[in-house]
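1. Got a predicted structure plus its sequence, pasted below:
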Amino acid sequence: MDLRLHSEFGTLKTVLMHRPGKEIDRLTPYNKELLLFEDVPYLEAMQQEHDYFTNVIKQVTGAKILSLHELLMETMADDAILFKMMEEALSYSRLSHFTESILGRLSTSECATALIAGIKVHELKKKISKLPMVDLMDFAFVIPPCPNLYFQRDPAALTPGGMIFSSMRMEGRQREANVIRSIFENHPDFKDQLNRIYPVDGHNNPACIEGGDVIVISDKAIAIGNSERTDEKAIYHVAKALLAEGTVERVYEVHLPKKRNFMHLDTVFTILDENLVLTYPDALEAVLQTSLYTLKENDGDQVHIKRTVLKESLLTVLEKEIPYLEIIHLGGNGNKDYALREQWYDGANVFAIGPRKVISYRRNKHTNRALRDMGVDVIEIPSSELSRGLGGPRCMTMPLSRAKV
Ligand SMILES: NC(=O)NCCC[C@H](N)C(=O)O
């Protein structure tokens, strides 16, 4: 599989997803903010909603759905990779030196659970009785959990030029990108197909970028949100690597207000067809600035890129990139409260499974009506529990291949 993505709306062929599991049950009223949840979800109902979503994708598109858990298990079949992954996960609590003794006691499947759902001191003590830790620490995490892992969009991003591995801003999500990167760099189905765009070789503490900020406008142009989660510096490095690779010719940096409800570019803007986008108008108006990176010179050794701060509004920029652009406003036209409410629950974050064919949260009824009025085929899914993590259908998917458009 060629690990490049050429559009946001070509009919879906393969997608990576994660069914929420035990990691969700780690959330409490005390840690939910640190772990970026609005509330404490009811896991079994959340799983039912997620299964509904997955089945809709399967039935409507026939796409292959890859499970993160299965890929992880397959990747960890290699002992050296398993060791590295556990060592890295344990480094968050400065306990890497226990890797060997822990691996001696946990099966591969228990390691996969520990990597996703985390593991606490008292749970580990059941396996390793001589663990030299005081009882006071029993409820502390030896490996922190990844409850946001069902938002598969964010730990990485595919572009027409190759793959970006995120460097995640928030403490509660930092481990996710390491898990994804280990899979794509080592799994036999992917490792030879990978052209890594970011992080750049030799950068140990890379600037932050998250997959939800990366939107493929066309084979030649991508947009990246400079947002609460993504830094200017990371966008510069991604632009440089993409422009050097040569497929992408224009990288737009869209400066969003740094706010939780605009956390990624895809919380306010998604592309549904060749000339159709869905936006949250207030966010577009709030865009502080748009810059454009282009290639200045690439003599094989040295790559120089140029950054131009554009005078036009984002809308004008988009109109130039997307001929005959039509815009649908989240919440429909008119009532601002509808737009506010539906943006909060990811009304703009629909998942395009084909041209003018989207999956959307049922709760966003005004947006869904506006989409249908423009001839978009809308398939609704329930979201009472899924939305407690503040992400939508696009956030929950990482398309790995789509039909050509
Ligand atoms: N692309 C997205 O907007 N993803 C949603 C991520 C929600 C998650 N709870 C977070 O705060 O990172």
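-> Received, thanks.

2. Over to the closest residue to the ligand within the stretch 251-400 of the chain. Which of the three states is it?
-> Going by C-beta to the nearest ligand atom, the ligand is nearest to Gly391 of the stretch 251-400 of the chain, at 2.9 Å. Where you see a C-beta, it was placed from the backbone N, CA and C, and this is true even at glycine. Secondary structure for Gly391, judged by DSSP: H, G, I helix; E, B strand; the rest coil, is coil.

3. just checking, what's the longest strand in the protein?
-> strand 289-298 (DSSP state E).

4. Would you tell me what the next helix or strand after that strand is?
-> Using DSSP states H and E, the helix or strand that follows strand 289-298 towards the C-terminus is strand 303-310.

5. Give the rounded mean pLDDT of the helix or strand just after that following strand.
-> Next along the chain after strand 303-310, taking DSSP H and E as the criterion, comes helix 314-321. Summarised as a single mean, pLDDT over helix 314-321 is 89.

6. With stretch 208-219 instead?
-> Mean pLDDT, stretch 208-219: 97.

7. Could you give the residue of the chain that lies closest to the ligand?
-> The nearest approach of the chain to the ligand comes at Gly212, 2.4 Å away (C-beta to the nearest ligand atom).

8. Quick check: closest non-adjacent residue to that residue.
-> In space, and not counting its chain neighbours, Gly212 is closest to His264: 3.0 Å by C-beta to C-beta, 6 or more residues apart in numbering.

9. okay, now the one you found: neighbour count?
-> Other residues within reach of His264, judged by other C-beta atoms under 10 Å, total 26.

10. Then the one 4 residues further on?
-> As a burial measure, the neighbour count of Val268 was computed by other C-beta under 10 Å and equals 29.

11. That one touches Trp344, doesn't it?
-> No. Here Val268 does not reach Trp344: they are 11.5 Å apart, not a contact under C-beta atoms under 8 Å.

12. would Val142 count as being in a strand?
-> Yes. With three-state DSSP as the criterion, Val142 is located in a strand.

13. List, one by one, the residues from the chain near the ligand.
-> Within the chain, the residues that sit near the ligand (C-beta under 6 Å from any ligand atom) are 36, 148, 151, 153-154, 173, 212, 263-264, 266-267, 389-391, 395.

14. Looking at these, state which has the most neighbours.
-> When neighbours are counted by other C-beta under 10 Å, Thr267 leads those with 30 neighbours.

15. Please name the residues that touch it.
-> Gly212, Asn261, Tyr280, Ala283, Gln343, Asp346, Ala348, Asn349, Gly392 (C-beta atoms under 8 Å, 6 or more residues apart in numbering).

16. okay, the residues you listed in TSV with secondary structure next?
-> Output for the contacts of Thr267, formatted as TSV (three-state DSSP):
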residue	secondary structure
Gly212	helix
Asn261	helix
Tyr280	coil
Ala283	helix
Gln343	helix
Asp346	coil
Ala348	coil
Asn349	coil
Gly392	coil
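
17. which among those residues gets closest to Lys320?
-> If you rank the contacts of Thr267 by distance to Lys320 using C-beta to C-beta, Ala283 comes first, at 19.6 Å.

18. Need the pLDDT of Val134.
-> Confidence at Val134, expressed as pLDDT, is 69.

19. The chain should start at 25 in everything you say after this.
-> Sure thing, new numbering starts at 25, so read that last one as Val158.

20. Surely the residue nearest to Gly236 and Cys232 touch.
-> No. Between His288 and Cys232 there is no contact under C-beta under 8 Å: 11.7 Å.

21. anything in contact with each of those two?
-> Joint contacts of His288 and Cys232 (C-beta under 8 Å, 6+ apart) are Arg253, Thr254.

22. Run through the strands of the stretch 325-429 of the chain in chain order.
-> For the stretch 325-429 of the chain, applying DSSP state E, counting those that start in this stretch gives strands covering 327-334, 350-353, 375-378, 381-385, 401-405, 422-426.

23. what's the answer for the stretch 75-224 of the chain, then?
-> Under DSSP E, counting those that start in this stretch, the stretch 75-224 of the chain gives strands at 88-91, 143-144, 165-167, 180-183, 186-189, 220-222.

24. Make a markdown table out of those strands and add mean neighbour count and mean pLDDT.
-> Shown next, in a markdown table, are the strands of the stretch 75-224 of the chain (neighbours: other C-beta atoms under 10 Å; pLDDT from 0 to 100):
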| stretch | mean neighbour count | mean pLDDT |
| --- | --- | --- |
| strand 88-91 | 16 | 98 |
| strand 143-144 | 21 | 94 |
| strand 165-167 | 22 | 93 |
| strand 180-183 | 25 | 98 |
| strand 186-189 | 24 | 98 |
| strand 220-222 | 22 | 97 |
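
25. Quick one, which of these gets closest to Gly356.
-> Closest approach to Gly356 among those (C-beta to C-beta): strand 180-183, 29.6 Å.

26. Tabulate the strands of the stretch 75-224 of the chain (CSV), appending distance to Lys154.
-> Putting the strands of the stretch 75-224 of the chain into CSV (distance: least, C-beta to C-beta, whole Å) gives the following:
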stretch, distance to Lys154
strand 88-91, 36
strand 143-144, 17
strand 165-167, 15
strand 180-183, 38
strand 186-189, 37
strand 220-222, 41
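
27. Would you mind telling me which of these is nearest Asp103?
-> Nearest to Asp103, of the strands of the stretch 75-224 of the chain and by C-beta to C-beta, is strand 165-167 at 18.6 Å.

28. Is Leu27 in a helix, a strand, or coil?
-> Assigned state for Leu27: coil (three-state reduction, three-state DSSP).
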